[in-house]
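Engineer: Return atomic coordinates for the entry below.
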Amino acid sequence: MTESSKRQGGKVTVHKVGALPAAMIVAACSLSGCEGIDVPLPAEVVSVGALLPLSGDFSSGGTAARAALELAVDEANDYLAVIESNRRVQLVVHDTGTDPETASDKLRELAEAGVSVVVGPMSSEELSACKPLADRVRVLLVSPSATAASLGVIGDNVMRFAPDDTNHAAAAAAYMRHRGIEAAAVLRRDGLWGEELSDLTMTRFADAGGTSLGSVGYDPTSFARNDFRDELAELGAIVGPAVADFGSDKVAVFLASYGEGVEVLAQAAGDPVLSTVDWFAADGLALNPDLLLDTQAAEFASTTGLTASAFGSTSPERFAEIQSRIEQRLGQTPHMHAIIAYDIMWSIALTINEAADPYDVDFMKTALPQVADFYNGASGRIFLNEAGDRTEGNYGFWAIFEEEAGFTWRWIALYEDSAITTNGIN
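Structural biologist: Here you go, the predicted model:
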């Protein structure tokens with residue numbers, strides 16, 4: 001089923017057109033090579049920007065998102081050709097370096113080039129830095145992964161296809177309690193995302209009967225030193241007495257990091273206290289491929305039962321299909337953020353095709369949520385609230401296991417409808 005969104009009296013009416021889902025038409029086009037179809041040359045190619053961290057602390061997420069967006073662009077353009085649309089979309093990617101100031105500068109470049117819709121930025125700090133400029137120059141930002149709860153504002157030029165961190169915190173806290181954890185300390189990167197998520201998680205953990213031991217933060221701008229010994233010593237000083245009070249099997253560390261978490265785990269491996277308790281991680285580290293390649297960090301993660309949580313799909317078959325396609329391009333299993341980026345690109349392309357003026361930001365802001373609602377996403381059904389944030393979804397939990405071929409991430413549990421279900425591993 002495709003969607004047609006037309007402006008009528010200031011409102012957008014979405015009509016269902018055709019009998020097949022867009023994804024099925026694309027699949028048919030891919031299999032046939034679109035042979036025998038008289039495809040008109042596109043009269044208009046619309047640029048869609050992407051602000052991605054292709055370098056820096058979140059580079060693994062940015063690289064995967066780029067592969068997903070490129071796949072979605074190819075498929076969407078094939079689909080537009082099949083329906084004989086005279087429009088196509090092209091992707092204009094800028095590397096933010098996981099740096100808020102760079103992200104804002106790159107957004108300005110895209111705006112000056114006439115781009116009106118941008119996928120990203122991916123981190124909450126970057127989105128916070130870009131938001132005032134996006135509102136001022138009238139560019140719509142659609143993020144797959146910037147989830148700080150405070151960024152949900154009605155009427156701004158920001159949409160987020162992932163739920164905010166109030167949802168993630170509830171899932172992470174519930175799983176720690178499910179695992180029998182009675183006391184937890186936090187190690188987090190300073191900044192909007194790390195501070196908000198860890199505070200929300202510990203609040204939910206305490207509400208569920210757990211004991212919050214406090215937080216240790218580190219400066220994410222000083223990673224060149226790659227030395228977390230002081231922070232780990234401070235963390236150990238908090239965790240040690242709790243181990244004596246509760247027992248090591250009842251105490252945990254919650255890690256809110258991006259890719260620098262690999263080095264954190266490698267350095268924690270030598271700590272006699274921190275290596276005896278369970279570790280949990282947020283979505284900034286979930287499915288990180290570099291962790292699998294660092295033997296010391298991976299062994300520590302496997303030994304301590306490190307479990308990382310991240311938003312999951314409510315359409316498992318569609319998710320598996322798209323995940324496999326992205327993996328073929330990427331060469332590794334993509335993070336859920338990449339799957340969401342894929343859905344964003346498809347939704348934008350479908351909306352652009354129906355717009356009288358594809359650069360009309362007001363139309364895009366009104367029509368995109370309606371198109372997304374009808375679009376059968378790889379990440380599941382996409383419902384956005386009045387602030388433009390996704391409202392529904394579940395959360396998966398992944399752990400690291402050592403296999404004959406090396407270390408691997410493996411799904412072990414699901415949080416859905418306020419309940420935890422497991423696959424029997426944990």
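Engineer: Do I have it right that residue 154 meets residue 387?
Structural biologist: Yes - using C-beta atoms under 8 Å, residue 154 is in contact with residue 387, at 4.9 Å. All C-beta spots, glycine's among them, are computed from the backbone N, C-alpha and C.
Engineer: Those two - which one has more neighbours?
Structural biologist: More crowded of residue 154 and residue 387, by other C-beta atoms under 10 Å: residue 387, with 16 against 9.
Engineer: any idea which element that one lies in?
Structural biologist: For residue 387, there is no host helix or strand (DSSP states H and E).
Engineer: Quick check: closest non-adjacent residue to it.
Structural biologist: residue 152 (4.2 Å; C-beta to C-beta, 6 or more residues apart in numbering).
Engineer: list the contacts for that neighbour?
Structural biologist: Going by C-beta atoms under 8 Å, 6 or more residues apart in numbering, residue 152 touches 160, 164, 385, 387-389.
Engineer: now residue 265
Structural biologist: 255, 279, 291, 294, 296-297, 300-301, 306.
Engineer: Top of those residues by number of neighbours, please.
Structural biologist: Neighbour tally across the contacts of residue 265 (other C-beta under 10 Å): the maximum, 30 neighbours, falls on residue 301.
Engineer: where's that residue relative to residue 295, distance?
Structural biologist: 11 Å (C-beta to C-beta, to the nearest Å).
Engineer: what residues are up against residue 211?
Structural biologist: Contacts of residue 211 (C-beta under 8 Å, 6+ apart): 182-184, 242, 246.
Engineer: One more pass at 6 Å, please.
Structural biologist: By C-beta atoms under 6 Å, 6 or more residues apart in numbering, the residues touching residue 211 are residue 183.
Engineer: Now do the phi/psi pair for it.
Structural biologist: Per-residue torsions, residue 211: phi -110, psi 120 (degrees, to the nearest 10).
Engineer: who's it bridged to?
Structural biologist: Residue 211 has the following beta-bridge partners by DSSP bridges: residue 183.
Engineer: Mind putting the contacts of residue 265 into JSON lines with distance to residue 360?
Structural biologist: As requested, the contacts of residue 265 are exported to JSON lines (distance: C-beta to C-beta, whole Å):
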{"residue": "255", "distance to residue 360": "43"}
{"residue": "279", "distance to residue 360": "48"}
{"residue": "291", "distance to residue 360": "43"}
{"residue": "294", "distance to residue 360": "47"}
{"residue": "296", "distance to residue 360": "53"}
{"residue": "297", "distance to residue 360": "48"}
{"residue": "300", "distance to residue 360": "52"}
{"residue": "301", "distance to residue 360": "48"}
{"residue": "306", "distance to residue 360": "47"}
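Engineer: Can you tell me which of those is nearest residue 90?
Structural biologist: Distances from residue 90 to the contacts of residue 265, taken as C-beta to C-beta, are shortest for residue 291 (33.8 Å).
Engineer: was I right about the closest one contacting residue 262?
Structural biologist: Yes - under the criterion of C-beta atoms under 6 Å, residue 291 makes contact with residue 262 at 4.9 Å.
Engineer: Give me the common contacts of these two.
Structural biologist: With C-beta under 6 Å, 6+ apart as the test, residue 291 and residue 262 both reach residue 297.
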